[in-house]
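In: Just need the structure, nothing else, for what follows:
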Amino acid sequence: MAAITTPILAQTPQLRPLNILHDLPGVADLVEKCFADTMDAEGRRYLQQMRHAGQDNVFMRWAANAADTVSLPLSGYVWEENDEIIGNVSLIPYRDKKKKIFLIANVAVRQDHRRRGIGRALTDAAMRHAQARHAAATWLHVRDDNPGAIALYLGLGFQELARRTLWQAKPDRNATIDGLGITITKRTGRDWLQQESWLKRVYPDLMNWYQPMPWQTLRTGPGAFIYRIMMDYEVRHWAARAENGAASALLSWQAMAGMEDRLWAAASSQGSERALTALLLHARRNLPWRQNLILDYPAGEYAAAIESAGFQPHRTLLWMKLPAENPVHPS
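Out: Below you'll find the predicted structure:
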């Protein structure tokens, strides 16, 4: 990628643009060291892909010309001392309604080099990069148990707009909903409008640029059925019903090749605790051949109900945004 001439780069020769032809193995090693204790299966696959890409000359030639156009971590900055990469930040471009958005990711500094301002310098360089490319917005996410990083990003002008927890559970043939007083049925076509409304609340358009809702996969009708067959998606849908037969919560399971199984929970903002617990237990019982089930949900919402179904929180992320009109702070 082309270097950007900015004061921060001129004043700190250790900071330079990522060179994907040479840096990917070193960056992968650094990210693994910094996040090994919190990395999930998807993160480990990401590192494997990064190391493999670093050895693929055809991919490298393509990537060198695609860094700012595809949603892959092909550009960014590294901090190098004594020919070792000890700090990294990645920049991933996205499009939302034809507007360019950058996600700042993989902000990592080797433990023995922290508290020297390296993370701030890397983040500042990434912000300048996005600004120079006229980004409509710049986003990042950070774990809620990292107060130092949260304070840094708030100080740089980022605003928290969402907080979400990733839950995980293993299938369990012995999971039971006995005693909950909830009836579980298959979802019907009449349930879809209610499910769609609840899903839009739980998975708002605010995050659609990063994780688009698979509406065509989840909705009913022959068009959606044909789409799932063509894309080789497997889905199941269940409804938890009240005594009057109305759905009090709905749950969809989606399986895609090469991805972890996702659950899409749809419930009102309150009052459906037992229904949601029953649905999640039902999914664990009825998907015994799967490896892992994951659910992304607004942090704190229905947390007790989800835990009661045997799910454990893997991480909670703060999603933070730097508006396009917010100038980069001078260094």
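In: mind listing the helices for the stretch 101-250 of the chain?
Out: 118-132, 147-155, 192-202, 215-218, 222-231 (DSSP state H, counting those that start in this stretch).
In: Which strands or helices does the longest one pack on?
Out: Same thing as helix 118-132. Of the remaining helices and strands, those touching helix 118-132 by 3 or more Cβ pairs under 8 Å, 6 or more residues apart in numbering; DSSP states H and E are helix 7-11, strand 15-17, strand 75-81, strand 84-96, strand 99-109, strand 137-143, helix 147-155. Yep, even glycine has a C-beta here, placed from its N, CA and C like the rest.
In: for the helices of the stretch 101-250 of the chain, which one ends up most surrounded?
Out: Burial among the helices of the stretch 101-250 of the chain, expressed as mean neighbours by mean count of other Cβ atoms under 10 Å, is greatest for helix 118-132, which shows a mean of 22.
In: quick one: which of the helices of the stretch 101-250 of the chain is nearest residue 307?
Out: With Cβ to Cβ, the closest approach to residue 307 among these belongs to helix 192-202: 17.3 Å.
In: just the angle between the closest one and helix 222-231, please?
Out: Between helix 192-202 and helix 222-231, the angle comes out at 60 degrees (axes from the mean of the first three to the mean of the last three Cα atoms, to 10 degrees).
In: Which residues outside helix 192-202 are in contact with it?
Out: Among residues not part of helix 192-202, those counted as contacts by Cβ atoms under 8 Å, 6 or more residues apart in numbering are 187, 213, 215, 218-220, 237, 247, 250, 252, 264-269, 297-298, 301.
In: which of those residues are buried?
Out: Buried subset of the contacts of helix 192-202 (neighbour count, 16 or more other Cβ atoms under 10 Å): 187, 213, 218-220, 237, 247, 250, 252, 264-267, 297-298, 301.
In: what's the closest of those to residue 125?
Out: Closest approach between the buried ones among the contacts of helix 192-202 and residue 125, by Cβ to Cβ: residue 298, at 31.9 Å.
In: List the contacts of the closest one.
Out: With contacts defined as Cβ under 8 Å, 6+ apart, residue 298 is in contact with 162-165, 202.
In: Which positions within stretch 101-120 qualify as buried?
Out: Applying a neighbour-count criterion of 16+ other Cβ under 10 Å, the buried positions in stretch 101-120 are 101-110, 118-120.
In: Point out where this protein drops to low pLDDT.
Out: Scanning the chain for pLDDT under 70 picks out 1-11, 40-43, 46, 50, 52-73, 258, 324-331.
In: Break it into its domains for me.
Out: If you go by automatic domain parsing, the domain ranges for the chain are 7-135, 166-316.
In: Tabulate the ones you listed in CSV, adding columns for distance to residue 141.
Out: Conversion of these to CSV gives the following (distance: least, Cβ to Cβ, whole Å):
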stretch, distance to residue 141
domain 7-135, 8
domain 166-316, 9
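In: mind checking which of these is nearest residue 145?
Out: Smallest distance to residue 145 across the domains of the chain (Cβ to Cβ): 7.8 Å, for domain 166-316.
In: Out of the domains of the chain, the one nearest residue 143 is which?
Out: Across the domains of the chain, residue 143 has its closest neighbour in domain 166-316 (5.7 Å, Cβ to Cβ).
In: for stretch 252-268, how far is the first residue from the last?
Out: The stretch stretch 252-268 measures 15 Å between its terminal residues, going by Cα to Cα, to the nearest Å.
In: ditto for stretch 103-121
Out: 16 Å.
In: now the nearest residue to residue 100 once chain neighbours are set aside: how far from residue 97?
Out: Across the structure, with Cβ to Cβ, 6 or more residues apart in numbering as the measure, the residue nearest residue 100 apart from its sequence neighbours is residue 135 (5.2 Å). In this structure, residue 135 and residue 97 are 14 Å apart, going by Cβ to Cβ, to the nearest Å.
In: same deal with residue 178?
Out: Here the criterion is Cβ to Cβ. By it, residue 178 lies 48 Å from residue 97.
In: go on, residue 282?
Out: Look at residue 282 and residue 97: by Cβ to Cβ, they are 37 Å apart.
In: Ok, residue 268 next?
Out: Relative to residue 97, residue 268 is positioned 29 Å away (Cβ to Cβ).
In: what's the one helix or strand residue 321 maps to packed up against?
Out: With the criterion set as DSSP states H and E, the secondary-structure element containing residue 321 is strand 312-323. Under the contact criterion of 3+ Cβ pairs under 8 Å, 6+ apart, strand 312-323 touches strand 137-143, helix 147-155, strand 159-169.
In: Apply 10 Å and report the result again.
Out: Under the contact criterion of 3 or more Cβ pairs under 10 Å, 6 or more residues apart in numbering; DSSP states H and E, strand 312-323 touches strand 99-109, helix 118-132, strand 137-143, helix 147-155, strand 159-169, strand 293-298, helix 303-308.
In: now these in CSV, with distance to residue 276?
Out: Formatted as CSV, the entries for the helices and strands packed on strand 312-323 read as follows, by distance: least, Cβ to Cβ, whole Å:
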stretch, distance to residue 276
strand 99-109, 30
helix 118-132, 37
strand 137-143, 25
helix 147-155, 29
strand 159-169, 11
strand 293-298, 9
helix 303-308, 5
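In: quick one, which of those is nearest to residue 88?
Out: Distances from residue 88 to each of the helices and strands packed on strand 312-323 were compared by Cβ to Cβ, and the smallest falls on strand 99-109, at 5.0 Å.
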